[in-house]
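In: With the input below, show me the fold.
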Amino acid sequence: MSTNATITPQAPQQQQTRTATLAEVIEQLARFDGPPEMFLAAMLQVQCKIAPAEAGAILRNSGDNKVDVLGVYPTVAAGSTAPVWLARAVEVSLAITGKDTVIKPMPEAGGIYEATPSKHLIFLPLRSGGITGFAVFLVHSNAQPVILRAKERLELTSSLLSLYEMRQTLARRNVDLERLRESMEVLASLNEHSRMKAAAMALCNEVSSRWQGERVSIGFLKGRYVKLQAMSHTEKFTRKMKLVQDIESAMEECLDQDIEVIHPPDPRAAYVNRAAHDLSNRHGPTTVLSLPLRREGKVVGVLTIERAIDKLYSVEEVETLRLMCDLCTARLTELFENDRWIGAKAAKATRKGAAWVVGSEHTWIKLIALAIIGFLAFAILVKGPDRVDATFIIEATERQVVTAPFSGQLLEVHVEPNSIVKKGALLAKLDTTELTLQIAAAKAELISYEKEADAALRDAKTSEQQIAEAKAAKVKAQIDLLEYQRGQAEIVARIDGVVIAGDLKEQIGVIVEPKTILFEIAPLEQVRAELAVPEDRIADVSSASAGELASASAPGTYLPFTVERINPVAEVIDQKNVFKARAKLAMNEQLQAMIKDGRIKIGSKGVAKIEVGERPYGYLWTRDLVNWVRMKLWW
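Out: So this is what the prediction gives:
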């Protein structure tokens, strides 16, 4: 913060014919009723004499690291640069957070480094309700006893500000009580009458006599315009009178702005007073004051007071009249609404009820009520599709089993579950080393038998020749079998489809026996869905029901299906009773594309919705709750 502080101008003190004693000055301060700035200047002067102190100031913490100087002694010219001690006090006060008196040294300008300061600042916290800050005093002494004695004396004078504020509060309270007394007296005179016209006339006359009004008028809002109801010291008047029209225009001007309108206005006033100006010039000149009469936050009428042009309205008078209007409006409004014939009352009640329904008041309540009515009508009258939710799994309608052609060691595996294969694709391969050796041994044995047959033929041994030829034929048949088995070592797919079983990559090297099932292949074009329908909705599903399903792998694509068969026996899945239902999928281009790109596979799961008709939305939304209540209340 800059050390330049703005000094609040101080009012000049009155010259005294003689020098008053300190006790007399303190007693005068205790009875002081002047403005706060004069009191603060006088209090600082007295405290500086008591301490004694060279100077003193009142600092107020206004927040955001800002300090206002409310008073200073000795007086400093307005707008001038603050003294060094005051700038130092403002800077130090920002760092003080406690509620105890604080003593800070005041370093000398250009003094010796670490020299004992000859001046000290005493910060006395102000605990009054009006000011939050410090009273700071400059004491020219470095003696600790002197400084402590000054501190004690200043603390004894700290109650002067509290006494002044208590007197000010008591004075304001007395003024408020006086205003309330006057307002209650006017209300008492008003309550003596039970008819609207008499009560309004009594109010106008009472206000005229108490506040020196030449003419006091009161009007109430009727439709969109203010209608004059009574005028002080005037029994009869008509709306055709120019005076009445001008008064009603001034009242409407006040009602439209919902604020007190005064003419002549204050130069700083921001309200419009054209109608009040016309009323004053045409029927005066007079000062005009129009006050709105409010009921439940709305302006229902206006009170207009006219008096001599030299009698301007003070702030106290306006506040008193405002309080009087607030107290009297309820009684006047009650008489204005009830002092009419029954037809007018019924018409007003009807209009008020219709205005509440179609008007701008309680907008949220009306919108909520309309929304509830619309929601109930929609729930009862509008029907929506009734769908049964069920889980499903994709199954194959057919499957091909691939077995081991002979007993051998598994050498290679080229596919795994969910692999899509074409007809003729290599699935796995068995080791043919042993078969090759067996074929070689059999061929050697075949050659030996053939040689035996040739030798027997040369020697004309017919029987031995036939035996050798028979053995050679047997070995040749074995060779053909072994050759066939070796040709079957490469296991291939015989149809297009997907591998749904056969995870053998971790079993390479294992001996497989003939007819051992190695793979299961399902054709992609022939799939179906198996639905799991909850038992509480199975009665709504028939074998001809249709619907759509969405796979978890493709949640945005819906595939149509038709229920073919319902299993009559319930099963337990995830601790819930369900009925299995077989659904036929429509083999369209979309399904074929999803199968080819892998979004639909054998074993895919998802949610199916079975269409079972249309029901009102209210029934659909509350069916589960109603059924639960029925089960609970069934005896």
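In: Strands along the stretch 251-400 of the chain, start to end?
Out: Secondary structure of the stretch 251-400 of the chain (DSSP state E, counting those that start in this stretch): strands located at 261-263, 286-295, 298-308, 383-396, 400-403.
In: Quick one: closest of these to Gln488.
Out: Distance to Gln488, taken as C-beta to C-beta, is lowest for strand 400-403 among the strands of the stretch 251-400 of the chain, at 10.5 Å. Quick note: C-beta positions are derived from backbone N, CA and C, even for glycine.
In: Show me what that closest one packs onto, helices and strands only.
Out: With contacts taken as 3 or more C-beta pairs under 8 Å, 6 or more residues apart in numbering; DSSP states H and E, strand 400-403 sits against strand 517-522.
In: if we can go back for a sec, select, out of the strands of the stretch 251-400 of the chain, the one closest to Thr116.
Out: Nearest to Thr116, of all the strands of the stretch 251-400 of the chain, is strand 261-263, at 63.6 Å by C-beta to C-beta.
In: Name the residues that touch the closest one?
Out: 250, 253-254, 269, 271-273, 276-277, 279-280, 287-290, 313, 318 (C-beta atoms under 8 Å, 6 or more residues apart in numbering).
In: Make JSON lines out of the strands of the stretch 251-400 of the chain and add distance to Val578 and mean neighbour count.
Out: Shown next, in JSON lines, are the strands of the stretch 251-400 of the chain (distance: least, C-beta to C-beta, whole Å; neighbours: other C-beta atoms under 10 Å):
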{"stretch": "strand 261-263", "distance to Val578": "80", "mean neighbour count": "24"}
{"stretch": "strand 286-295", "distance to Val578": "67", "mean neighbour count": "23"}
{"stretch": "strand 298-308", "distance to Val578": "65", "mean neighbour count": "22"}
{"stretch": "strand 383-396", "distance to Val578": "8", "mean neighbour count": "18"}
{"stretch": "strand 400-403", "distance to Val578": "29", "mean neighbour count": "15"}
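In: among those strands, where is the model least confident on average?
Out: For the strands of the stretch 251-400 of the chain, mean pLDDT drops lowest on strand 400-403, to a mean of 83.
In: Neighbouring strands of that strand in the sheet, and parallel or not?
Out: Paired with strand 400-403 in the same sheet, following DSSP bridges, are strand 517-522 (antiparallel).
In: what mean pLDDT would you report for the strand it pairs with?
Out: 82.
In: The helix or strand just after it to strand 383-396, inter-axis angle?
Out: Downstream of strand 517-522, the first helix or strand assigned by DSSP states H and E is strand 527-534. Orientation check (axes from the mean of the first three to the mean of the last three C-alpha atoms, to 10 degrees): strand 527-534 against strand 383-396 gives 130 degrees.
In: Could you shift the numbering so residue one becomes 18, and keep it that way?
Out: Sounds good: first residue 18 from here, last item strand 544-551.
In: Contacts made by the helix or strand just after strand 544-551 with the rest, please.
Out: Next in sequence after strand 544-551, counting helices and strands by DSSP H and E, comes strand 563-568. For strand 563-568, contacts defined as C-beta under 8 Å, 6+ apart pick out 404-405, 409, 411, 546, 573-580, 600, 611, 616-617, 621-628.
In: Okay, Gln607 and Lys601: tell me how far apart.
Out: 15 Å (C-beta to C-beta, to the nearest Å).
In: Oops, could you answer that again for Asp497 instead?
Out: Taking C-beta to C-beta, one finds Asp497 at 47 Å from Lys601.
In: more neighbours, the two?
Out: Between Asp497 and Lys601, Lys601 has the larger neighbour count (other C-beta atoms under 10 Å), namely 16 against 12.
In: host element of that one?
Out: strand 593-602.
In: Equivalent analysis for Arg184, please.
Out: helix 176-208.
In: what mean pLDDT does that helix have?
Out: 80.
In: immediately after that helix, which helix or strand?
Out: Criterion used, DSSP H and E; the element after helix 176-208 is helix 213-227.
In: So what angle separates the directions of the helix or strand following that next one and strand 303-312?
Out: Going down the chain from helix 213-227, the next helix or strand is strand 232-239, by DSSP H and E. Angle of strand 232-239 versus strand 303-312, following the same axes, to 10 degrees, is 40 degrees.
In: about what we covered before: buried subset of the contacts of strand 563-568?
Out: 404-405, 409, 411, 546, 574, 576, 578, 580, 600, 611, 617, 621, 623, 625, 627 (16 or more other C-beta atoms under 10 Å).
In: Check which helices and strands the helix holding Arg184 sits against.
Out: Packing contacts for helix 176-208, counted by 3+ C-beta pairs under 8 Å, 6+ apart, involve helix 39-47, helix 53-67, helix 213-227, helix 332-355.
In: would a markdown table of the ones you listed with distance to Leu384 and mean neighbour count be doable?
Out: Converted to a markdown table, those look like this (distance: least, C-beta to C-beta, whole Å; neighbours: other C-beta under 10 Å):
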| stretch | distance to Leu384 | mean neighbour count |
| --- | --- | --- |
| helix 39-47 | 63 | 13 |
| helix 53-67 | 52 | 20 |
| helix 213-227 | 37 | 20 |
| helix 332-355 | 29 | 17 |
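In: between those helices, which gets nearest to Asp553?
Out: helix 332-355 (60.7 Å).
In: Just the C-alphas of the closest one, formatted as PDB.
Out: Below are the C-alpha coordinates for helix 332-355, written out as PDB (Å, rounded to 0.1, in the frame of the first residue of the first chain):
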ATOM      1  CA  VAL A 332     -35.900  12.500   5.000                       C
ATOM      2  CA  GLU A 333     -37.400  12.000   8.500                       C
ATOM      3  CA  GLU A 334     -40.800  13.000   7.300                       C
ATOM      4  CA  VAL A 335     -40.600  10.700   4.200                       C
ATOM      5  CA  GLU A 336     -39.500   7.700   6.400                       C
ATOM      6  CA  THR A 337     -42.400   8.400   8.900                       C
ATOM      7  CA  LEU A 338     -44.900   8.600   6.100                       C
ATOM      8  CA  ARG A 339     -43.500   5.400   4.500                       C
ATOM      9  CA  LEU A 340     -44.000   3.600   7.800                       C
ATOM     10  CA  MET A 341     -47.500   4.900   8.200                       C
ATOM     11  CA  CYS A 342     -48.400   3.700   4.700                       C
ATOM     12  CA  ASP A 343     -47.000   0.200   5.400                       C
ATOM     13  CA  LEU A 344     -49.100   0.000   8.600                       C
ATOM     14  CA  CYS A 345     -52.300   1.300   7.100                       C
ATOM     15  CA  THR A 346     -52.300  -0.400   3.700                       C
ATOM     16  CA  ALA A 347     -53.500  -3.800   5.000                       C
ATOM     17  CA  ARG A 348     -56.600  -2.300   6.600                       C
ATOM     18  CA  LEU A 349     -57.400   0.000   3.600                       C
ATOM     19  CA  THR A 350     -57.000  -2.900   1.200                       C
ATOM     20  CA  GLU A 351     -59.300  -5.100   3.200                       C
ATOM     21  CA  LEU A 352     -62.000  -2.400   3.200                       C
ATOM     22  CA  PHE A 353     -61.500  -1.700  -0.500                       C
ATOM     23  CA  GLU A 354     -62.000  -5.300  -1.400                       C
ATOM     24  CA  ASN A 355     -64.800  -6.200   1.000                       C
END
